[in-house]
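S.K.: Attaching a predicted model along with its sequence, questions to come.
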Amino acid sequence: MENKNSGTDLTEGNVFKTLIMFALPILLGNIFQQLYGFVDSMVVGRTLGENSLAAVGSSFGISSIILAVAMGITTGFGIIISKMYGEGNKEKIQSTADTGLWVVVLSGVPITLFGIIKYDVFLKIFNVPIEIRDQAGSYLKITFIGILPVFIYNACSSFLRGTGDSKTPLLLLIIAALMNVVLDILFVVVFQWGVEGAAIATVASQFFAFFACLYYVNKYNSHFKIKLKNTYFNFDIFKTGMTIGIPATLQQLFISLGSSVLQILINGFGPISISGYTAASKIDGFATMPAVNIGRAMSNYVAQNEGANKPDRVKKGIQTACVLLAVVSIVISFSIYLFADKLILAFCDSGDVVKAGVEYLYTVSAFYIIFSFMHILNGILLGNGKPHISMISTIISFCLLQVPTAYFLSKSIGVTGIWIAAPVGWIGGFLMRLICYKKYSKKI
């Protein structure tokens, strides 16, 4: 048995403190990861104007699909590592990391090459307005260069979280995000490289996070190493990882594809709506982060404790997460109502853009508590090895509820209908996961 002498052992200690100490670095890390797009949008919008902001914003839907693939693929292997860590099986942790690395490299390389060569295909599919298409293409082509580093970094981060280390990915993201801020200002404001400068700043920061993570893992991490040479591909682990990873990937992919359809609908309403949504979605991304990341932490928490055969601790963790996110969601929703206009003004001072962004935030923020509980349930189901339930719930709620609602309402009441559709999807997703959880919880 492996002595768990580093990282966070989620099977011992005070449940609240253990969950917070593990989830907080994940949350903070994702806040800094969100800063990539946030700073790009803010600097571009304030420096280059609303059309450039719309160009950058219209590219985010495409990027989110790629990131969804990376996160989904690595989820399965991260959860396996969590279970192996709970059992104290070091040998299988290394085999899982080796196998996961091969999967992300073999999937990341063709995506990178296709994106760099055929980026214009995405612009047409996403119905990017012709007046901003050149800028959007320039931004998108450069960002595809950073896809493989993003894939490998996400793999390393997922593996580290599996062994209870959520602090190292946080530190690396803080440094990378601060680098992105400095480079954004340097390239866009000082050198005046336009949207291309913002893209270069993002890619440079992503490469830093990638190299720094590899260096840390190979020099200091005691549970696994990440090296292309002498890696071992275990087909059994691959099958198990894909059993979890493929549904998780499809789930993330359907979310991103649904978001892309929404982006296409929004693009049809012109640059003002695109800019308003771009700004508001960045704020929304920050606001929903506690839910997303507590849910992600719950998957590791449940996996470790089930690996250690501690069902009572799983129940206490679920109760703790629900109370915590209920309080946090109410505070965030109230804050959004108070400061929505001021937050949008940080991106652009156009009155029409601010109006569009505020309307979106007012519509969705009232339902953040539903969104939070949906992600807790999602994490529980993933950690319990039931990713197919989350996938099916996502497909039904997002693709069969939110997207059709957005389409039909946008035809009758305009872009506001797209905003209304988001809570419709969340409510559906929550109810479906709740029904499945009730069935699962009887077995705990």
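M.R.: Sure thing, it's come through. Numbering: from 1, shown residues only.

S.K.: need the helices for the stretch 1-150 of the chain, in chain order.
M.R.: Here the stretch 1-150 of the chain has its helices, by DSSP state H, counting those that start in this stretch, at 15-48, 50-87, 90-125, 133-143, 147-162.

S.K.: of all those, which lies closest to R296?
M.R.: helix 15-48 (6.1 Å; C-beta to C-beta). No exception for glycine: its C-beta is placed from N, CA and C like everyone else's.

S.K.: Which strands or helices does the closest one pack on?
M.R.: Under the contact criterion of 3 or more C-beta pairs under 8 Å, 6 or more residues apart in numbering; DSSP states H and E, helix 15-48 touches helix 50-87, helix 167-184, helix 194-220, helix 271-287, helix 289-307, helix 311-345.

S.K.: Compare the ones you listed and give me the one nearest T249.
M.R.: Per C-beta to C-beta, nearest to T249 of these: helix 50-87, 2.8 Å.

S.K.: Next one: G78 from A279, what distance?
M.R.: To A279, G78 is 32 Å away according to C-beta to C-beta, to the nearest Å.

S.K.: circling back to that earlier point, any chance of the helices of the stretch 1-150 of the chain in JSON lines, plus mean pLDDT?
M.R.: Converted to JSON lines, the helices of the stretch 1-150 of the chain look like this (pLDDT from 0 to 100):
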{"stretch": "helix 15-48", "mean pLDDT": "76"}
{"stretch": "helix 50-87", "mean pLDDT": "76"}
{"stretch": "helix 90-125", "mean pLDDT": "86"}
{"stretch": "helix 133-143", "mean pLDDT": "88"}
{"stretch": "helix 147-162", "mean pLDDT": "87"}
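
S.K.: circling back: of the helices and strands packed on helix 15-48, which is nearest D236?
M.R.: With C-beta to C-beta as the measure, helix 50-87 is the member of these nearest D236 (10.7 Å).

S.K.: how far is that closest one from where the chain is centred?
M.R.: How far helix 50-87 lies from its chain's middle: 5 Å, per C-alpha atoms, centre = their mean, to the nearest Å.

S.K.: can you check stretch 158-169 too?
M.R.: 16 Å.

S.K.: Pipe the helices and strands packed on helix 15-48 into JSON lines and attach distance to D120 and mean neighbour count per row.
M.R.: Shown next, in JSON lines, are the helices and strands packed on helix 15-48 (distance: least, C-beta to C-beta, whole Å; neighbours: other C-beta atoms under 10 Å):
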{"stretch": "helix 50-87", "distance to D120": "11", "mean neighbour count": "25"}
{"stretch": "helix 167-184", "distance to D120": "25", "mean neighbour count": "20"}
{"stretch": "helix 194-220", "distance to D120": "15", "mean neighbour count": "20"}
{"stretch": "helix 271-287", "distance to D120": "18", "mean neighbour count": "25"}
{"stretch": "helix 289-307", "distance to D120": "31", "mean neighbour count": "25"}
{"stretch": "helix 311-345", "distance to D120": "31", "mean neighbour count": "17"}
